[in-house]
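*Asks:* Here is a sequence with its predicted model. Questions after.
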Amino acid sequence: MFRLRKRNLYLSYYNLFQAFGWALSLFRILSSFFSTKSTNDAFSSAGKLICLLQSIAFLEVIHGAIGIVPSGFLLPLMQWGGRTHFLLAIVCRIHEVQELPAVFITFVAWALSEVIRYSHYALYSLDISANWMTFISVADVPSTSIHKEGEPLCGYSPFHLLLLCHGFAFLLSISMDETLPSFVQPTTL
């Protein structure tokens, strides 16, 4: 019984830390957005914190591998690997990508969904029943679908990137020149 309580205490601390970190990153991203009225500063305002949180999230793979959570290790490994590749191999390494609206959209969607998810897990590990939190974590469809669309944007060719950024620019009412990477120049046809 004591061992079970120690595990739940550890999981609640881990999940509260992650929820707080993602809430802080969401606050940084949104405050930067509202102060500059631009999506270009998402990475510079919260990129290092999100990279740190995502690196620490490898513990979720270990949690599943040693059996302290029922998810197993394969699904957390796939999620962690995809996100880490997106962050560390693409966004951190390609400076032109860091100012794209796709990074802003992805970071906001991740932060929203992770604050809800980690808060739900923290409450669950403390045996606190919050039915509204369960509903929110299950009904998180809009932000999940947004980050599934926004996440792969940085892996496309410049032509595809141009078309996708133009679509997001229309949705966010951002000028087309602001959505173009620096290596793509706008031309009129």
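*Replies:* Cool, the structure landed.
*Asks:* my read: residue 23 touches residue 115, true?
*Replies:* Yes. Residue 23 lies in contact with residue 115 (C-beta atoms under 8 Å); the separation is 5.0 Å. For glycine as for every other residue, the C-beta is placed from the backbone atoms N, C-alpha and C.
*Asks:* Looking at those two now, which is surrounded by more residues?
*Replies:* residue 115 (19 against 16; other C-beta atoms under 10 Å).
*Asks:* Spit out the contact partners of the more buried one.
*Replies:* 19, 22-23, 26 (C-beta atoms under 8 Å, 6 or more residues apart in numbering).
*Asks:* Against which helices or strands is the longest helix that the chain contains packed?
*Replies:* If you go by DSSP state H, the chain has its longest helix at helix 2-36. With contacts taken as 3 or more C-beta pairs under 8 Å, 6 or more residues apart in numbering; DSSP states H and E, helix 2-36 sits against helix 42-56, helix 101-125.
*Asks:* shaky segments in this protein?
*Replies:* For the chain, applying pLDDT under 70 flags the ranges 1-4, 129-189.
*Asks:* want to try a markdown table for the contacts of residue 115, with distance to residue 104 as columns?
*Replies:* A markdown table is the format used below for the contacts of residue 115 (distance: C-beta to C-beta, whole Å):
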| residue | distance to residue 104 |
| --- | --- |
| 19 | 21 |
| 22 | 15 |
| 23 | 17 |
| 26 | 12 |
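*Asks:* Name the nearest of the residues you listed relative to residue 83.
*Replies:* Nearest to residue 83 among these: residue 22, at 12.4 Å, using C-beta to C-beta.
*Asks:* If we ignore the residues flanking it in sequence, what's nearest that closest one?
*Replies:* residue 114 (4.0 Å; C-beta to C-beta, 6 or more residues apart in numbering).
*Asks:* ok, the one you found - contacts?
*Replies:* 18-19, 22, 53.
*Asks:* so which pair among these is furthest apart in space?
*Replies:* Farthest pair in these, by C-beta to C-beta: 19 and 53, 10.2 Å.
*Asks:* what about these two, which has more around it?
*Replies:* residue 53 (23 against 20).
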